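Chemist: got a sequence here, can you model it:
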Amino acid sequence: VERRPDAHPAAMASPATAAEIQDELICSICLEYLTKPVTITCGHNFCQACITQHCEEWEKGRRVELTCPQCRELFQKGEFKPNTQLNNIVQKIKQLERHPGKGKEPKADLCKRHEKRLKLFCEEDGEAICWVCEKSRDHRWHTVVPIEEAAQDYKRKVKEKRAMITGEFNRLHTWLKEEEQGLLQRLAEEERETLQRLQENVSKLSQQSSSLKQLIAELEKKCQQRVAELLKVRDRRHQNSSSVQMDVTLDPDTAHPELVLSEDRKRVRHGDKRQDLPDTPARFDPCPCVLGAEQFTGGRRYWEVEVGHKTEWSLGVCRESVSKKGTVTLTPGNGYWAVWLRTGEYKARTSPSAPLPVRVRPSRVGIFLDYEAGEVSFYNVTDGSHLFTFTDTFSGTLRPYFYPGLNAGGTNAAPLIICPIPEVGADGGSA
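Modeler: Alright, predicted model coming up:
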């Protein structure tokens, strides 16, 4: 069989044979193509520079024997001959690799370091390598497989990973759908329960509103009855004036030194200066208060006080035995049954305080004491409405209580005035 003239042995060889031939052209010292190859006595070939350096290192180390780097057979320094034929083969192989002709591999498939085809895959480094890289120190002890086998293995792993991710997402979607349905169901149940509670609350509020309206109506009726009773008592006071109507006056011996009393002891206001008065146990200090001169140990009493447009005041009754020194706390527990005006708010001094139902600002306040019944009632004489009633059990002596409020720079300078109650004749008219 006639061989084609241009057919090169390396080109005719199979890929495996070509690789074996290329292995024979590699220096086992530098792992590159042989450069100026020389042959030593054992028959192995090396680069002239590599074997010369090997001999020089032997001389420096003063080792006993000089051996072949590949087979460890003894040889003498300088016992190597140039291998011209092998050098020509190396040059031909290099030339073929530089100019492969039609069979040239794409540049991307070549090793950047050795310009050999990337036919192998290093599993430790995870990269494609050439056959020269495989024999280098970097990959000598690594697991190296053909790149086609590695590609198939990676395709299998990617397929398994994709299947796993798809399965996880499917499970996640299923879980999310179930969670969504569960949450929507719970929200619907909570909505139904909330609406049911709201309907129940509306029903209860409606019932409570009806009860409150009924209670308000009953209270208003009782208040009107009490006012009517008071007015009847007031109209009949000429029949029993000694037991109901009370001509109250102020007791100067109990008045705080800054209070100014009128000569008839019917008016009291807060003054600008402290008067030089005896400091007795009966005198209020430091609270600017004063008691009425009258003492009650029983019966029913009624009097009225003009408050006008004052911005601060307190009125009521108290036990005669209350301490006049120190802070005065107006509560039944401390022996005071009183109402007041502070910062625009009308309150009964219970514990805690109770707001008064003031519809019309009172300019005159009526105070009704029923000792035996244990009641102290307050009325807005201006519109005839009932303000508040204290219920308690009385013992000992009670006295009227007055606090005109501080002067406040002249804004609350008007006095509290104990008003005379006009006599009413037997026919109901004024005498």
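Chemist: from here on, contacts and neighbour counts on C-alpha atoms
Modeler: Noted.
Chemist: how long is stretch 61-79 from one end to the other?
Modeler: Distance between the two ends of stretch 61-79: 19 Å, counting by Cα to Cα, to the nearest Å.
Chemist: gap between stretch 83-90 and the chain center?
Modeler: Between the centre of stretch 83-90 and the centre of its host chain there is 85 Å, according to Cα atoms, centre = their mean, to the nearest Å.
Chemist: mind exporting the C-alpha coordinates of that stretch to CSV?
Modeler: Presented in CSV, the C-alpha positions along stretch 83-90 are these (Å, rounded to 0.1, in the frame of the first residue of the first chain):
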residue,chain,number,x,y,z
ASN,A,83,20.3,13.1,20.3
THR,A,84,19.9,14.9,17.0
GLN,A,85,17.2,12.6,15.6
LEU,A,86,15.1,13.0,18.7
ASN,A,87,15.6,16.8,18.6
ASN,A,88,14.3,16.8,14.9
ILE,A,89,11.2,14.8,16.0
VAL,A,90,10.5,17.3,18.8
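Chemist: buried ones in it?
Modeler: Of the residues in stretch 83-90, those with enough neighbours to count as buried (16 or more other Cα atoms under 10 Å) are Asn83, Leu86, Asn87, Val90.
Chemist: next one: stretch 380-395
Modeler: For stretch 380-395, the buried set under the neighbour-count rule, 16+ other Cα under 10 Å, comprises Asn380, Val381, Gly384, Ser385, His386, Leu387, Phe388, Thr389, Phe390, Phe394.
Chemist: per-residue confidence for the first one?
Modeler: You'll see Asn380 listed with a pLDDT of 97.
Chemist: mind listing what it touches?
Modeler: For Asn380, the contacting residues are Pro362, Ser363, Arg364, Val365, Gly366, His386, Leu387, by Cα atoms under 8 Å, 6 or more residues apart in numbering.
Chemist: now, among those residues, which is nearest to Ser136?
Modeler: Checking the contacts of Asn380 against Ser136 by Cα to Cα gives Leu387 as the nearest, at 110.0 Å.
Chemist: can I get the buried residues of stretch 83-90 in a markdown table including secondary structure and pLDDT?
Modeler: Listed next are those as a markdown table, based on DSSP: H, G, I helix; E, B strand; the rest coil; pLDDT from 0 to 100:
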| residue | secondary structure | pLDDT |
| --- | --- | --- |
| Asn83 | coil | 91 |
| Leu86 | helix | 88 |
| Asn87 | helix | 90 |
| Val90 | helix | 88 |
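Chemist: what is the most widely separated pair among the buried residues of stretch 380-395?
Modeler: Pairwise distances among those were taken by Cα to Cα; the largest, 26.6 Å, belongs to Gly384 and Phe394.
Chemist: can you list the domain ranges for the chain.
Modeler: Using automatic domain parsing, the domains assigned to the chain come out as 1-104, 252-419.
Chemist: most packed of those domains?
Modeler: Among those, judged by mean count of other Cα atoms under 10 Å, the one packed with the most neighbours on average is domain 252-419 (a mean of 18).
Chemist: helix, strand or coil for Arg359?
Modeler: Secondary structure for Arg359, judged by DSSP: H, G, I helix; E, B strand; the rest coil, is coil.
Chemist: pLDDT at it, what is it?
Modeler: For Arg359, the predicted pLDDT is 94.
Chemist: swap in Cys130?
Modeler: At Cys130, the predicted lDDT confidence score is 90.
Chemist: isn't it right up against Cys122?
Modeler: No - contact status for Cys130 versus Cys122: not in contact, 9.8 Å apart, counting by Cα atoms under 8 Å.
Chemist: mean pLDDT lowest for which of the domains of the chain?
Modeler: Note on the domains of the chain: lowest mean pLDDT is at domain 1-104, with a mean of 77.
Chemist: need the domains of the chain in CSV with distance to His173, can you?
Modeler: As requested, those are exported to CSV (distance: least, Cα to Cα, whole Å):
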stretch, distance to His173
domain 1-104, 51
domain 252-419, 61
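Chemist: phi first, then psi, for Phe80.
Modeler: Backbone torsions for Phe80, taken as degrees, to the nearest 10, come to phi -150, psi 150.
Chemist: quick one, what contacts it?
Modeler: Applying Cα under 8 Å, 6+ apart, one finds that Phe80 lies in contact with Val38, Thr39, Ile40, Thr41.
Chemist: can you check Thr382 too?
Modeler: Taking Cα under 8 Å, 6+ apart as the definition, contacts of Thr382 comprise Val360, Arg361, Pro362, Ser363, Arg364, Val365.
Chemist: go on, Asp383?
Modeler: When contacts are counted by Cα under 8 Å, 6+ apart, Asp383 is found next to Val360, Pro362.
Chemist: same deal with Lys159?
Modeler: Taking Cα under 8 Å, 6+ apart, we find Lys159 in contact with no residue.
Chemist: that one: what secondary structure?
Modeler: Assigned with three-state DSSP, Lys159 falls in the helix class.
Chemist: cool, and Leu184?
Modeler: Remark: Leu184 carries the secondary structure label helix [criterion: three-state DSSP].
Chemist: do the same with Arg274
Modeler: In the three-state summary, Arg274 is assigned as coil, counting by three-state DSSP.
Chemist: and the residue nearest to it when sequence neighbours are not counted, how far from Cys289?
Modeler: Counting by Cα to Cα, 6 or more residues apart in numbering, Arg274 lies nearest to Glu258, which is 4.5 Å off, once chain neighbours are set aside. As judged by Cα to Cα, Glu258 and Cys289 stand 9 Å apart.
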